[in-house]
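Engineer: take a look and give me a structure for this.
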Amino acid sequence: MASGTSALHLALIQAGVTNEDEVICQSMTFSASANPIVYQGAKPVFVDSELDTWNMCPLLLEEAIKDRISKGNKPKAIIVVHLYGMPAKMDEILAISNKYGIILIEDAAGALGSTYKGKKCGTFGDFGVLSFNGNKIITTSGGGALVCKSDKDKQKAIFLATQARDNVPHNPFSNSFSDTFVP
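Structural biologist: A predicted model of the protein is given here:
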């Protein structure tokens with residue numbers, strides 16, 4: 001991807017987030033964690049941090065979900081950020097995500113290489129996001145990556161990230177073009 005932000009945007013597209021949906025995001029983070037929510041026309045619902053890791057508070061997360069559901073607005077996704085490379089309380093957050101059937105996206109942009117109970121950050125949720133921006137752990141001066149749980153999600157992400165090019169004869173960049181075009 002071009003950036004961690006674009007990977008997060010693609011994760012929201014993959015999660016089916018559209019206009020007027022609500023997405024829970026932690027309040028203590030860089031704006032790039034929340035901006036893609038708005039790009040999709042969705043509404044961010046901010047959840048405050050807990051004191052141990054400064055990441056999303058599981059208790060406040062569940063409280064926010066219950067509040068939104070009681071108002072007829074079940075959140076479409078949760079974006080948890082592993083702030084400054086410090087893993088969030090993933091056991092609790094995963095349990096809440098599963099309990100309510102809400103897609104979990106991990107913003108592990110600043111946590112490449114960090115682990116939680118022996119497992120890499122960015123691999124717990126339905127999608128994980130990494131960044132290679134100049135201020136990150138591993139840098140290429142830019143770029144990002146989307147971590148997917150399934151091959152189906154991976155293939156869809158590749159399709160969307162490569163300008164949604166169909167494999168058809170009239171597309172000069174498709175595989176079928178080289179099979180049918182004779183100069």
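Engineer: wait, doesn't Ile24 sit right on Ile65?
Structural biologist: Yes. Under the criterion of Cβ atoms under 8 Å, Ile24 makes contact with Ile65 at 7.1 Å. All C-beta spots, glycine's among them, are computed from the backbone N, C-alpha and C.
Engineer: looking at those two, which is more packed in?
Structural biologist: Neighbours were tallied for Ile24 and for Ile65 using other Cβ atoms under 10 Å; the higher tally belongs to Ile24 (26 against 22).
Engineer: that one bridge partners, please.
Structural biologist: On the basis of DSSP bridges, Ile24 is bridged to Val45, Ile78.
Engineer: where do the contact lists of Ile24 and Ile65 overlap?
Structural biologist: 75, 102 (Cβ atoms under 8 Å, 6 or more residues apart in numbering).
Engineer: please report phi then psi for Tyr116.
Structural biologist: phi -130, psi 110 (degrees, to the nearest 10).
Engineer: pretty sure it sits against Thr123.
Structural biologist: No. The pair Tyr116 / Thr123 is not scored as a contact, 9.4 Å apart, by Cβ under 8 Å.
Engineer: which one of these two has more residues nearby?
Structural biologist: Between Tyr116 and Thr123, counting by other Cβ under 10 Å, Tyr116 is the more crowded of the two (18 against 14).
Engineer: now do the same for the residue nearest to the more buried one when sequence neighbours are not counted: its pLDDT.
Structural biologist: Nearest residue to Tyr116, sequence neighbours excluded (Cβ to Cβ, 6 or more residues apart in numbering): Pro87, at 3.8 Å. Pro87 carries a pLDDT value of 98.
Engineer: do the one 5 residues further on as well
Structural biologist: Glu92 carries a pLDDT value of 98.
Engineer: please apply the same query to Asn167.
Structural biologist: For Asn167, the model assigns a pLDDT of 64.
Engineer: go ahead and confirm Ile103 touches Asp126.
Structural biologist: Yes. Ile103 is in contact with Asp126 according to Cβ under 8 Å; the separation is 4.8 Å.
Engineer: tell me the secondary structure for Val147?
Structural biologist: strand (DSSP: H, G, I helix; E, B strand; the rest coil).
Engineer: apart from its chain neighbours, what residue comes closest to it?
Structural biologist: Gly128 (3.4 Å).
Engineer: so the one you found belongs to a strand, correct?
Structural biologist: Yes. Gly128 sits within a strand when classified using three-state DSSP.
Engineer: would you mind listing the residues in contact with it?
Structural biologist: 105-106, 108, 121-122, 146-147.
Engineer: in those, find the pair that's most separated.
Structural biologist: Cys121 and Leu146 (14.2 Å; Cβ to Cβ).
Engineer: so which of the two has more stuff around it?
Structural biologist: Neighbour totals were compared for Cys121 and Leu146, and Cys121 leads with 28 against 25 (other Cβ under 10 Å).
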